[in-house]
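# need a structure here:
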Amino acid sequence: MRTSTGCQHAMEHPRFTFNPKVGIDNPALVISDDPEPQSPRPTLCHLKRLEGQNFGFLLRAHHGGQRCEVGGVAAWSSAQRGGLLDGDRVLEVNEEQAHSGDFCRIVRKIQSCGLHLLLLVLRRDEYEQAESLGLDLQTLARSSKGDGWSRPRLCHISRDPECGLGMTVAPVDGQKGHFTVNTLPGGPAEKAGVRPADRLIWINGAPASSLSRSTLNKTVERGGASVTVLVIDPKGESCRVRRKTPVLPAVAECRGLPHAAKTMRLVKGPDGFGFLLRQEKLGGSQRRVHVLREVEEGSPAEAELMEDGDLLLAVNGTPVESLEHDDIVKEIRRSGDEVVLTAMSTRGRDFYRELGIPPLMFHQEGSLWDERQQTGTQGDTPLRDGLRRPTITGTEGRGPTVTQISQEL
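Numbers count the residues shown, from 1 in each chain. Next comes the predicted model:
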């Protein structure tokens, strides 16, 4: 019985021996043609950082190249945890096209995006494959999103004395924590950009999924003179669920947010710029802010509509709220006779702080560094404590000079 069983087992699983003279004769082995190479597929990387941290990578732009390149991904950084690799080519930053010709705008967008960053990238070999095949990278990025993709909308709604916000909120059947919005035709919500049947993601900075229906209704019906909502259409929400991507303010279209930041381009006069920068504590808190004070009459600062009490947010396009007073003063002095300052009122800064989004997230103004690059002036040495300008390096030899711009993020 044991012998019979052993023979049956051997017959079911014949032993294979390779004979180099005969070749391969194995009925279990099937040889087929090499598979066709797959077309390049973009990778979506979601980077999450803590307050005061950077993302842990370098962004480079080569003159003559179409896309920015990722480098210097730090070990254990949010970039590494998010799946970013050295050599990745960036197609989109927070769902907006990223071209190397807009390097400084891309850097500012990343610096001002808050704690979350979405990068759509092609791995190095996939990028080279796409280039060799002559593929349109913008079309490639768009097709990777799938059907029904749309951007969310961040809408600020002012309450009307007669019809209120012009919208109601109702739960989605069978989906706990999901709410849909019904709008009054021609009402304040619809005018602000909310559409019928939109999904409500958050209201006044609070996720809708964390609020009860009664709390939501109270906010909509009696929640002050205005509310700010993040919404997306149902197909767009379903598309993001399939792609496992969050709905974030950083990827939203901005619709009528108040308290816009102002950019002031100052040219030094005989008596300087005509203002004083002070570091102060906000009343009732330990939070320190950089305040523009003592704006002199007839000065370049007054000519650019600087107001006493404005809060300084950026110098030459780089956010400075988290920096020390002395470092900001050094950067302003380093700029020479021209400097670009971005500021906002205290009330406006409080508005964005309550929403939990950076005040410069949707600010599109350029910087002095941009203008100097257009006229051929190179950047300066990076400052300590995070206040950095893009670093420019050049390689010379036979053929044209290759210029590379890099920025630590």
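
# in the stretch 301-409 of the chain, which ranges drop under the pLDDT threshold?
Applying pLDDT under 70 to the stretch 301-409 of the chain flags the ranges 365-406, 409.

# got it, and the chain?
Looking along the chain with the criterion set at pLDDT under 70, you get 1-37, 63-66, 100, 284, 365-406, 409.

# hey, where'd the helices end up in it?
2-12, 78-81, 103-111, 124-133, 137-143, 188-191, 213-222, 234-243, 300-303, 325-334, 346-355, 368-374 (DSSP state H).

# in TSV: those, plus mean neighbour count.
In short, each C-beta sits where N, CA and C put it, glycine included. Putting the helices of the chain into TSV (neighbours: other CB atoms under 10 Å) gives the following:
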stretch	mean neighbour count
helix 2-12	9
helix 78-81	20
helix 103-111	22
helix 124-133	15
helix 137-143	15
helix 188-191	21
helix 213-222	14
helix 234-243	16
helix 300-303	18
helix 325-334	15
helix 346-355	17
helix 368-374	17
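
# closest one to Gln286 among those?
Comparison of the helices of the chain against Gln286 by CB to CB identifies helix 346-355 as nearest, at 14.2 Å.

# could you name the helices and strands sitting against that closest one?
Where contact means 3 or more CB pairs under 8 Å, 6 or more residues apart in numbering; DSSP states H and E, helix 346-355 is packed against strand 311-315.

# other residues contacting the strand it packs on?
261, 277, 289-292, 319-321, 328, 331-332, 335, 339-346, 349, 359-360, 367, 387 (CB atoms under 8 Å, 6 or more residues apart in numbering).

# which of the helices of the chain sits closest to Phe273?
Closest approach to Phe273 among those (CB to CB): helix 300-303, 5.4 Å.

# quick one: distance of the closest one to the chain centre.
From the chain centre to the centre of helix 300-303 is a distance of 33 Å (CA atoms, centre = their mean, to the nearest Å).

# show me what it is packed against.
Looks like helix 300-303 contacts strand 262-267 (3+ CB pairs under 8 Å, 6+ apart).

# buried residues, the strand it packs on. List them.
By neighbour count on 16 or more other CB atoms under 10 Å, the buried set for strand 262-267 is Lys262, Thr263, Met264, Leu266.

# now tabulate those in CSV and tack on distance to Thr219.
What follows is the buried residues of strand 262-267, written out as CSV (distance: CB to CB, whole Å):
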residue, distance to Thr219
Lys262, 30
Thr263, 33
Met264, 36
Leu266, 42
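
# of those residues, which pair is most distant in space?
Lys262 and Leu266 (12.2 Å).

# pick out whichever of the buried residues of strand 262-267 sits closest to Ala250.
Thr263 (20.6 Å).

# from what I see, that closest one and Leu341 are in contact.
Yes: using CB atoms under 8 Å, Thr263 is in contact with Leu341, at 7.4 Å.

# one step back: kindly indicate which of the buried residues of strand 262-267 lies nearest Ser143.
Looking across those and measuring by CB to CB, the closest to Ser143 is Thr263, at 36.4 Å.

# tell me where the stretch 1-150 of the chain has strands.
43-48, 58-62, 68-71, 89-93, 96-97, 116-122 (DSSP state E, counting those that start in this stretch).

# neighbouring strands - and their directions - for the fourth one?
Using DSSP bridges, the strands paired with strand 89-93 in its sheet are strand 68-71 (antiparallel), strand 96-97 (antiparallel), strand 116-122 (antiparallel).

# now tabulate those in TSV and tack on distance to Arg108 and mean neighbour count.
Converted to TSV, the strands paired with strand 89-93 look like this (distance: least, CB to CB, whole Å; neighbours: other CB atoms under 10 Å):
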stretch	distance to Arg108	mean neighbour count
strand 68-71	13	22
strand 96-97	12	14
strand 116-122	13	23
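
# what's the closest of these to His46?
Taking the strands paired with strand 89-93 one by one with CB to CB, strand 116-122 is closest: 5.7 Å.

# what comes up buried for stretch 275-283?
Here stretch 275-283 shows Phe275, Leu277 as buried, counting by 16+ other CB under 10 Å.

# okay, and the beta partners of the nearest residue to Ala189 once chain neighbours are set aside?
Nearest residue to Ala189, sequence neighbours excluded (CB to CB, 6 or more residues apart in numbering): Met167, at 3.8 Å. Per DSSP bridges, the residues bridged to Met167 are Thr183.

# any idea how many residues pack against Met167?
25 (other CB atoms under 10 Å).

# ditto for the one 4 residues further on
Residue crowding around Pro171 was assessed by other CB under 10 Å; the count is 14.

# now do it against Trp202, distance only.
15 Å (CB to CB, to the nearest Å).

# same question, Leu58
Applying CB to CB to Leu58 and Trp202 gives a distance of 33 Å.

# of these two, give the one with the bigger neighbour count.
Trp202 (22 against 17).

# my guess is that one contacts Leu216. True?
No: if you go by CB under 8 Å, Trp202 and Leu216 don't touch, sitting 10.5 Å apart.

# which residues do those two both contact?
Each of Ala208 lies in contact with both Trp202 and Leu216 under the rule CB under 8 Å, 6+ apart.

# about what we covered before: tabulate the strands paired with strand 89-93 (CSV), appending distance to Thr183.
Shown next, in CSV, are the strands paired with strand 89-93 (distance: least, CB to CB, whole Å):
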stretch, distance to Thr183
strand 68-71, 39
strand 96-97, 27
strand 116-122, 28
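
# ok, Gly174 - how many residues close by?
The number of residues near Gly174, taken as other CB under 10 Å, comes to 6.

# residue numbering should commence at 54 henceforth.
Let's use 54 as the start, then, which means that last one is Gly227.

# what does it show for phi and psi?
phi 80, psi 10 (degrees, to the nearest 10).

# contact partners for it?
Gly227 neighbours (CB under 8 Å, 6+ apart): none.

# one more: Leu144?
Contacts of Leu144 (CB under 8 Å, 6+ apart): Pro95, Arg120, Gln150, Ala151, Leu173, Val174, Leu175, Leu190, Gln191, Leu193, Ala194.
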